[in-house]
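# A predicted structure for the sequence below; I have some questions about it.
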Amino acid sequence: MSRRTDFLHFALPLIEKEELREVEDTLRSGWITSGPKVKRFEEEFADYVGTRHAVAVNSCTAAMHLSLDAIGLKSGDIVFTTPYTFAATAEVVRYFKARPVFVDIDPETFNMDPQKLEQTILKTGLGKDNKAAMRAVIPVHIAGLPCELDAIHAIARRYGLKVIEDAAHALPARYKGALIGGLSDLTCFSFYATKTLTTAEGGMICTADGELADRCRIMSLHGVSRDAWKRYSCEGSWFYEITEPGFKYNMTDISAALGLQQLRKCGRMLQMRQEIAGRYTAAFSDLPEIEAPRVSGDNQHAWHLYIIRLNLDRLSCGRNEFIEQLKEEKIGTSVHFIPLHLHPYYRQKYGYVPHDFPAAYELYNRVVSLPIYPAMSGRDVDDVIDAVRRVAKQNRKTPAISSRAHI
Ligand SMILES: Cc1ncc(COP(=O)(O)O)c(C=O)c1O
């Protein structure tokens, strides 16, 4: 089989005529920053995931920062999360000079292991009077596979922790039938360009708690008592008051225009990703060099990412070489994630060594994320399958002949 001639990008958004029309309508309307479309997007999003309040912001990073502010995180406090995530999840804790304490993952799911969460909480609280400083846990639904929320909620209740979900990958994902977005104190989504719903850059905070939502809303726009929309619309007034030194995290109507149309096709886009995931899993099932991602019967995977694990003991090459060979086949890939405790900042700040989180470290060395997005054609999917199979076979280790074989 022949190789592709053009490079297949790792991720591309699906932008169709509906998004183009809605954005054009916004540009022509004269109201291009936070206004009526943001309001509609918030209402429709809250409705879609089944929660009371949704606050649109300009990133998931902003959403998590505002969520931690809303629960009253203070300098010196502790927030539990995993090292197997993107920079944003822990850096927002550092914004407060609070401490992110890492919990290792379940190597089957890449998500926080609830048993290890409780062990880490007990270890963190031992012998010190710092139990009161343990404030929150941020579980991350890696790739779009929901975490064990029942167990995490039970532990959080036991130790008085707030639960803020990092749901950057998890739209639309279901935990035991219920959509992620209405299950914890606060849930934060990302609408970055490569995510399952995109507004170019953007994020959403979902909560059932009106006070938390109000605080997030006020702090998302300089801590002023009313937003620009209310000030400049015909029923508004010029007067405003600064109640806190807030941030500049508001979403624009141009972004919300994209979001409104993307939300309408969320189900269809999920179906397309499910089909690609199904094809990959079937195509790799006879390759002992590759482990496909786990799915659970109870939960709906959002398939933001399709992460394969290489069985390195069956390959004569390492993960990096595997990626290089896929690149030669003109297939774009990525690695999710370089665990946070391996990065210089966290190593130097907290003295971490790679084996402090053995599951995260071991997985990191053998993962490859393959392209999975609705804008891929059937032919693109075939090309990825062919390339992965070819690279796996080319690097297949010849089994060592054991002495027993000669008997
Ligand atoms: C797990 C996770 N959390 C948070 C973020 C941050 O999202 P944003 O770029 O919208 O701030 C990302 C971005 O890729 C992510 O992968």
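Everything's here; your move.
# Okay, strands next: where are they in the protein?
53-57, 78-81, 99-102, 134-137, 162-166, 174-175, 178-179, 186-190, 203-207, 290-291, 306-310, 367-370 (DSSP state E).
# want to throw those into JSON lines with distance to the ligand and mean neighbour count?
Just so you know, the C-beta spots here come from the backbone N, C-alpha and C atoms, and that holds for glycine as well. Listed next are those as JSON lines, based on distance: least, Cβ to the nearest ligand atom, whole Å; neighbours: other Cβ atoms under 10 Å:
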{"stretch": "strand 53-57", "distance to the ligand": "9", "mean neighbour count": "27"}
{"stretch": "strand 78-81", "distance to the ligand": "10", "mean neighbour count": "26"}
{"stretch": "strand 99-102", "distance to the ligand": "13", "mean neighbour count": "22"}
{"stretch": "strand 134-137", "distance to the ligand": "15", "mean neighbour count": "24"}
{"stretch": "strand 162-166", "distance to the ligand": "5", "mean neighbour count": "25"}
{"stretch": "strand 174-175", "distance to the ligand": "16", "mean neighbour count": "20"}
{"stretch": "strand 178-179", "distance to the ligand": "18", "mean neighbour count": "18"}
{"stretch": "strand 186-190", "distance to the ligand": "3", "mean neighbour count": "30"}
{"stretch": "strand 203-207", "distance to the ligand": "5", "mean neighbour count": "29"}
{"stretch": "strand 290-291", "distance to the ligand": "21", "mean neighbour count": "20"}
{"stretch": "strand 306-310", "distance to the ligand": "12", "mean neighbour count": "22"}
{"stretch": "strand 367-370", "distance to the ligand": "11", "mean neighbour count": "22"}
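# Reformat the ones you listed as CSV; add mean pLDDT and distance to Glu241.
Formatted as CSV, the strands of the chain follow (pLDDT from 0 to 100; distance: least, Cβ to Cβ, whole Å):
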stretch, mean pLDDT, distance to Glu241
strand 53-57, 98, 20
strand 78-81, 98, 31
strand 99-102, 97, 34
strand 134-137, 97, 29
strand 162-166, 98, 28
strand 174-175, 98, 40
strand 178-179, 98, 37
strand 186-190, 99, 25
strand 203-207, 99, 23
strand 290-291, 97, 57
strand 306-310, 98, 48
strand 367-370, 98, 47
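# Next up, the contacts around Pro339.
Pro339 sits next to 83-84, 357, 360-361, 364 when contact means Cβ atoms under 8 Å, 6 or more residues apart in numbering.
# if we go to 6 Å?
For Pro339, the contacting residues are 83-84, 360, 364, by Cβ atoms under 6 Å, 6 or more residues apart in numbering.
# And Leu212, by the same measure?
Ala70.
# for the one 10 residues further on, same thing?
His222 makes contact with Gly246, according to Cβ under 6 Å, 6+ apart.
# For the closest residue to Asp209 other than its chain neighbours, give its distance to Arg52.
The spatially closest residue to Asp209, leaving aside those adjacent along the chain, is Asp185, at 6.8 Å (Cβ to Cβ, 6 or more residues apart in numbering). Asp185 is 12 Å from Arg52, where distance means Cβ to Cβ, to the nearest Å.
# what about these two, which has more around it?
Asp185 (20 against 13; other Cβ atoms under 10 Å).
# Which residue ranges of the protein form helices?
In the chain, the segments counted as helices under DSSP state H are 17-29, 36-49, 60-70, 87-94, 114-125, 149-159, 210-219, 228-232, 253-264, 266-284, 319-328, 344-350, 358-364, 378-394.
# And the fourth one, what does it pack against?
With contacts defined as 3 or more Cβ pairs under 6 Å, 6 or more residues apart in numbering; DSSP states H and E, the packing partners of helix 87-94 are helix 60-70.
# Under the pLDDT cut-off, which ranges of the stretch 51-200 of the chain? List them.
126-132 (pLDDT under 70).
# residue contacts, the closest residue to Val137 other than its chain neighbours?
Excluding the flanking residues, the one nearest Val137 by Cβ to Cβ, 6+ apart is Phe80, at 4.4 Å. Applying Cβ under 6 Å, 6+ apart to Phe80 gives the contacts 101, 103, 137.
# hmm, try it at 10 Å
If a contact means Cβ atoms under 10 Å, 6 or more residues apart in numbering, then Phe80 has 93, 99-103, 112, 116-117, 120-121, 124, 134-139, 152, 155-156, 159, 161 as its contacts.
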